[in-house]
Every structure is written in structure tokens, then in C-alpha cells.
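[1] Predicted model follows, preceded by the sequence.
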Amino acid sequence: MPRPDLLALSPDDLAALANRGLVKRAQRECGAGELTTQWEVRGDGTICATWSDGAACTLPGGGTVKDAQCSCGALGLCRHVLRTVLAWQQREVAAVSADESRPPGPEPWDPGRIDDAALERQVARPVLIRADSLWSQGVLAELLRSAKPSAHFHCPGHSVRFPVPDDLRYAQCSCADPAPCVHAVLAVRAFRLLDAGASSGIVNAGPLDGPAPVEALEAAEGCMRDLLMDGLASLGPAWRDRLRRVASECAAASLMWPAQILEEMSEDFDRYAARDAAFAPGLTAERAGELLLRLDAIRAGCAPVPQAFIRGMTTDRDSDLGPARFIGLGAAVTETRRSSRITVFLQNCDNGHVMTVVRDVVEDANAVAARKPFHELARAPTAKGASLAVLAAGQLVTQGGRRTASGRLVIGRARAVVNPQNYMWEQLKAPALVEDFDELSVRLRLLPPASFRPRREAADFHICPLGGVDHATFDPTSNAIVAMLRDRSGLPAQLWHPWTTRGELGAEALLAGLTSGLKPLFVAGLVRASGAMLVIRPTAVVFAGEGDKRSMVMPWLSAPALPPAVMPTERRIKLSRSVRVAYGPAMELAAELVLNGSRRTAARGWPGWPRATTETEECGYHQMAAAMRRVQAGGQGMNAALGMLKLLALARDTVSG
């Protein structure tokens, strides 16, 4: 009787069942060739292995690897059992090579083909009853059919991966329940809803969406019309209070993401009124455009994007956290004229959620030369005295805290400590951790634009194992560190990190690591699809050195441990100014409308208007340029201004700066 379950388990799958250290030791013992094995295969699928070092292992037929027995007496999975599985795989691979009639490696499969009878055989009755209850409350999931299919649930919030075809006992879930858990059952049922010819898709079932709350939608749009008509310069605290009241109405109507945008805009008004240097009118314009797009999509109700993505769900609220452990995944820096924002990315080891810790540093817009380098800004304390840089490269253990709806971690007064980590990122969880670039590409192309999906700060953040780097260089054309990465299956993706004067040391550390001959193991960062290629803006890259000792480079915050790579200084300084995005002129006009309103801007003839319109048209944004002309001409100026903000929000979703 064949054992396809043993053949399907990769070293990563075995590490999920045991731990990475035991798997590596078992691999070394198998690869050394110093031990011999006597095999006994019984008719019920039981495999017995007697090793020359005295260990005897039994893999029972009809059981899983967890049911294996070993003469060493270990309580859990020991290295002898893992060694037996790996040796059996080598034995079968050799047999496949000798017999061309036997099927090759694993092929994509569909968990939806597991019927109800199989579910009843593999899953306990109480788990099936609970799955029925959760299904009736509504399910929303992203699905991927592959050799190891996966399901990422937005409701309920867990991720499931199927490493072994048709065997739910090996299903890996981010929840703490033993396999097969209730989410594995939900995933099987969700896959049945996916079109038979589709390799991926988003499915939803159950009462997640209610009728569109017309009054709340009209009230929210009315606030935006008043903003564009009069501008923040003419609007008073009453408008801010109205925003907050409408936000409460939207939240009561389960419009969680529109409510969040309105709250953020009320905070923008407070910053403007207080003459806070952190106020950015362009950001307010982007929020207004996103809100208008969501309102239109909610009214339409028939968009291909699930309404739960656009509206949000009742679970998309701030929530308290219990004891948890987080792994630091690096950091990113966003620089504006008046401030710098450092965003640290962390993954919760229990459920796999990626969360952020954000620190805004207000700076003098007129003293550019006096601004501190990013690695010095990252020395600021954050979690119980630990700096942002230490947090980004370590592991955080906290006894509590709060998670915001957008995925920020607020520790507050909870007990917490930051320790070093060993960079064993194989133990991170999906969907942030992906198998390869192909899986990541499929998932990114599956998702709608950012204005129509959940407002998570780490929504586009992923970690991917690496197989190597083809080449890495400083590209003077884009003023960036550019490298071609390869995953373990050989598929390519482009790494792109901007060179900045304040981040010079981190950029040199990245380039030095990529060109030093160190083995790259993982890359973490924000990922987008650009044509047929993935572009990764890294927050961290993990390397393996001598003795498999691991280290991490954070391109924004690190100082070079290796000699700096060769990058001509004169070219770097000449090109160190930030690159202007293609829709910058239109954003300038949008910021002017937010500040002064269309009525005042048109009446006084904003001097930058003709230039902004011309530059926008020259960049190929003809619809946007036409909308700008209609705003200037008056008449239908308000509707044109609303349309322009929507176009800008869509451009933000699709154009990389």
C-alpha cells in the first residue's frame, strides 16, 4: 500500500510538525550516508525501519507521522522518525527515476474534491457541527489551488494550508486547535465554490452583506462635497464634529472602512487647525478620493469585489490582545517634507497576522541638512526602552496590548520585553510567508485595488524564501539598488530599494550583502506586480554565513557590516532628490482644493493650474486633465472635482512612486 502522505511532506512541512533543528539534524544524518536501513513494508501501509545505530521506527498504516513510534522513547517526534521519513522519500524518488511509468512530482489539486463522506471519516463530529455554525454566519476567503493549496480567511480570520492531497489530518492552520480543525473544513467547502477552471479566486457565502445604508452614504458624500467646495480654510470645528458623527453612523451601519476614513480626516482637520507640521493636504485628498470610490462601489452593490472588502466587517475594530510573541521583520521609512515615518513590521507567532508599530518624527522643513540619518532616528525608544531598530530585528514578547482595525500594535502599559531572534523564518506563518514567487504573483493579481479592499497597513507585506541572487547593482537611472532575486524553484522577482542621503548606510549594507557571496535565505517587504514581474521593496533580507550563522540586513536602518559597495558619489548626490510620481501635478491641485475649496481656487485663478493640467496630460492622464479643466471652468466643477479625486485614488493604487 503506497504512502503518498510521506512523499508529499517537504522539510518545511516536517519542521511544522516538529522543529527546524531536528529536521536539519535528520537531513545531515541522511545525507552523510554513514547509516544503513532495513525496511519492512506491510500490506496495510505500515513502514518499519531498523537503523544501523539501533533506532527502530514504525510509521503505522492509516496514521500520520505524528502517530509514529520509535524505540528511543521520545515523547514527541524525534529525529529518528524524521530521518525515516526523509530516507523513505529518497528511496521512492530513486524508484521513480528507475520507473518512467510512475508519475512525476506533486501536481496542483483541489481540496474541494474532498466530499462529505471523507469529511465525516477524517473530522470529529463536534468540529463538523461548529463548521456548520460558522458557515451560516458568513465566510469570506482568498483561495489558491496548487500542489499545496491554501485558503486565507478574512472571516473568520485564519489561514489554512494543505500539504498532503486529500488528507485533512495534515492540514496546517494558524489557529491553535489540533488538525483537522474547523477552518480546514470551512476551506474545503469554500474551494467547492471556486470555479472549476480557476487556479485562484475570492469566494464569499452567507449573510456578510446587508442592504446599502443610503442615509449614511449620502451624509458621508455630503461631507466631501463641503470640503471640496469651501476647503479647510473656511470650514470650522462644526464640520469636524459632523465628520465624527457621520463616522459613528457609518460604523453603526457596518461601514467600518468608510467610518475609519472619516475619523482619519477629522484628525487631519485637527492637525490643520493646530498648524501641526505633520498635516499633509495631499494625504487628505487621497483619503477623500478613496472614500468616494468606496461609496460608489457600495451603492452599486454588484461589483465583482465582495462588499465585505469594501465596507469592512464588524470584526474590523480595535481589539485587545492577550499574551503574544511577535517576530520582527524589518522596517520601512516614508519621508515627507515635514516629517519621517518609521514603520516596523511584526508577525504574531500565534495567528500569523502581520502588525505594525509606527513612529512619526516631525522635522524642520527648512533645515534639510540638519535632519538625522534614518538609522539614528531608529534609535528612538518604543517598547519598554527598546529602540525601533532593535524591535525590527528582534522578537517582542508582550502580556497584552491593543490591535487597531488597520493592524497597528499599541503596547501601552502592558508588560513587554524585546529579545534577539535567530531568524528561523521557515517557522513564520502564511499568508505572509509564501512558498515561492509564483504563489505570491497569483495572490497579488487576485486582489482588487487598495481602494476596494481591507485597509490593512501590511496588506501587501510578504516574506519569501530565496534560492539566490543573479545580480545586484546601483542603478543611476532610477537612483536605486536593483537586484534580480530567484526563489528556490528558480522563478525571478526584482528587488528595488531607493537610495537616499539619509538612508545611505542601509542602502550600502544591502548592496554589500547582495554582492558579498553570502547565501540569501529570505526577503521581506512590500510587494507589487509590475507587468509580468514582481517588484519587492525590502524591509529586511536574511543571509546565511559561515556555519549557517544567520544575519539580517534592514535597508532603511542598518549600518554596513561589510565594506561599502562601489557607488559613484557624484552620481548619488546628483540623483538623490526624490523622484516625482507621474500624477504629482494633479495631486498639487487636489491639495489646493482641500485647503481652499474649488470656489475660491477657481475665483482667484490658482497660478499653478495651467502648468498642472499640461503636465498631467503630458504624462498620459487625459481623463484627469479633462476633469481639471472642468473644475477650472466652473459649471460642473463640483462633480468634476469629485471625479478627479477618485481618479487620483485609483492612480495611487496602481502607480508606484
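    Great, that's in hand. No experiment lies behind these values; they were computed from the predicted model shown.
[2] Need the contact partners of stretch 202-213.
    Contacts with stretch 202-213, where a contact means CB atoms under 8 Å, 6 or more residues apart in numbering, come from 135-143, 155, 190, 193-194, 250, 253-255, 298-299, 301, 305-309, 311, 313, 446. For every residue, glycine as well, the C-beta is placed using N, CA and C.
[3] Narrow those residues to those in strands?
    Secondary structure from DSSP state E places 139, 140, 141, 142, 143, 155 of the contacts of stretch 202-213 in strands.
[4] List the first helix or strand encountered after the worst-scoring helix or strand of the chain on mean pLDDT toward the C-terminus.
    Using mean pLDDT, DSSP states H and E, helix 569-574 stands out as the lowest-scoring helix or strand of the chain, at a mean of 40. Counting by DSSP states H and E, the next helix or strand C-terminal to helix 569-574 is helix 584-604.
[5] Return that following helix as CSV; C-alpha atoms alone will do.
    Extracted in CSV, the C-alpha atoms of helix 584-604 (Å, rounded to 0.1, in the frame of the first residue of the first chain):
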residue,chain,number,x,y,z
GLY,A,584,2.1,64.8,-8.9
PRO,A,585,0.8,67.9,-10.7
ALA,A,586,-2.8,66.7,-10.3
MET,A,587,-2.1,66.0,-6.6
GLU,A,588,-0.9,69.6,-6.2
LEU,A,589,-4.3,70.8,-7.5
ALA,A,590,-6.2,68.4,-5.3
ALA,A,591,-4.2,69.6,-2.2
GLU,A,592,-5.1,73.2,-3.2
LEU,A,593,-8.8,72.3,-3.4
VAL,A,594,-8.7,70.6,0.0
LEU,A,595,-7.1,73.7,1.5
ASN,A,596,-9.1,76.5,-0.2
GLY,A,597,-12.1,74.8,-1.9
SER,A,598,-13.0,74.9,-5.6
ARG,A,599,-14.9,78.1,-5.4
ARG,A,600,-12.0,80.2,-4.0
THR,A,601,-9.4,78.4,-6.1
ALA,A,602,-11.2,79.0,-9.3
ALA,A,603,-12.1,82.6,-8.5
ARG,A,604,-8.6,83.7,-7.8
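[6] Please, which helix or strand holds residue 441?
    Assigned by DSSP H and E, residue 441 falls within helix 437-446.
[7] so how far is residue 135 from the residue most central in space within the chain?
    Centroid-nearest residue in the chain, with CA atoms, centre = their mean: residue 461, separated by 2.8 Å. Distance of residue 461 to residue 135, computed by CB to CB, to the nearest Å: 29 Å.
[8] Over to residue 38?
    Remark: distance between residue 38 and residue 135 (CB to CB) = 49 Å.
[9] Likewise for residue 32?
    Taking CB to CB, one finds residue 32 at 50 Å from residue 135.
[10] isn't there a strand covering residue 121?
    No - applying DSSP: H, G, I helix; E, B strand; the rest coil, one finds residue 121 to be helix, outside a strand.
[11] pLDDT of stretch 432-440, averaged?
    Average pLDDT, stretch 432-440: 89.
[12] Using CSV, write out every CA atom in that stretch.
    Taking C-alpha atoms only, stretch 432-440 is exported to CSV below (Å, rounded to 0.1, in the frame of the first residue of the first chain):
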residue,chain,number,x,y,z
ALA,A,432,2.5,36.5,4.8
LEU,A,433,5.0,33.7,4.3
VAL,A,434,4.7,32.2,0.8
GLU,A,435,6.1,29.1,-0.9
ASP,A,436,7.6,30.9,-3.9
PHE,A,437,7.2,33.9,-6.2
ASP,A,438,4.6,32.1,-8.3
GLU,A,439,2.2,31.7,-5.4
LEU,A,440,2.8,35.4,-4.4
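[13] where along the stretch 201-350 of the chain do the helices fall?
    Secondary structure of the stretch 201-350 of the chain (DSSP state H, counting those that start in this stretch): helices at 214-230, 237-252, 256-273, 281-300, 307-311.
[14] follow-up on the earlier one: could you check which of residue 38 and residue 135 has the larger neighbour count?
    A count of neighbours by other CB atoms under 10 Å puts residue 135 above the other of residue 38 and residue 135, at 16 against 10.
[15] so what's the more buried one up against?
    Residue 135 neighbours (CB under 8 Å, 6+ apart): 186, 189, 205, 206.
[16] ok, now with 10 Å
    Neighbouring residues of residue 135 by CB atoms under 10 Å, 6 or more residues apart in numbering: 182, 185, 186, 189, 190, 205, 206.
[17] Narrow those to those in strands?
    Of the positions in the contacts of residue 135, residue 205 sit in strands, assigned by DSSP E.
[18] May I see the contacts of residue 135 organised as JSON lines, with neighbour count, distance to residue 151 and pLDDT added?
    Formatted as JSON lines, the contacts of residue 135 follow (neighbours: other CB atoms under 10 Å; distance: CB to CB, whole Å; pLDDT from 0 to 100):
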{"residue": "182", "neighbour count": "25", "distance to residue 151": "12", "pLDDT": "93"}
{"residue": "185", "neighbour count": "24", "distance to residue 151": "11", "pLDDT": "94"}
{"residue": "186", "neighbour count": "24", "distance to residue 151": "8", "pLDDT": "94"}
{"residue": "189", "neighbour count": "21", "distance to residue 151": "10", "pLDDT": "94"}
{"residue": "190", "neighbour count": "26", "distance to residue 151": "6", "pLDDT": "93"}
{"residue": "205", "neighbour count": "16", "distance to residue 151": "13", "pLDDT": "80"}
{"residue": "206", "neighbour count": "13", "distance to residue 151": "15", "pLDDT": "70"}
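[19] Thanks again, I'm all set now.
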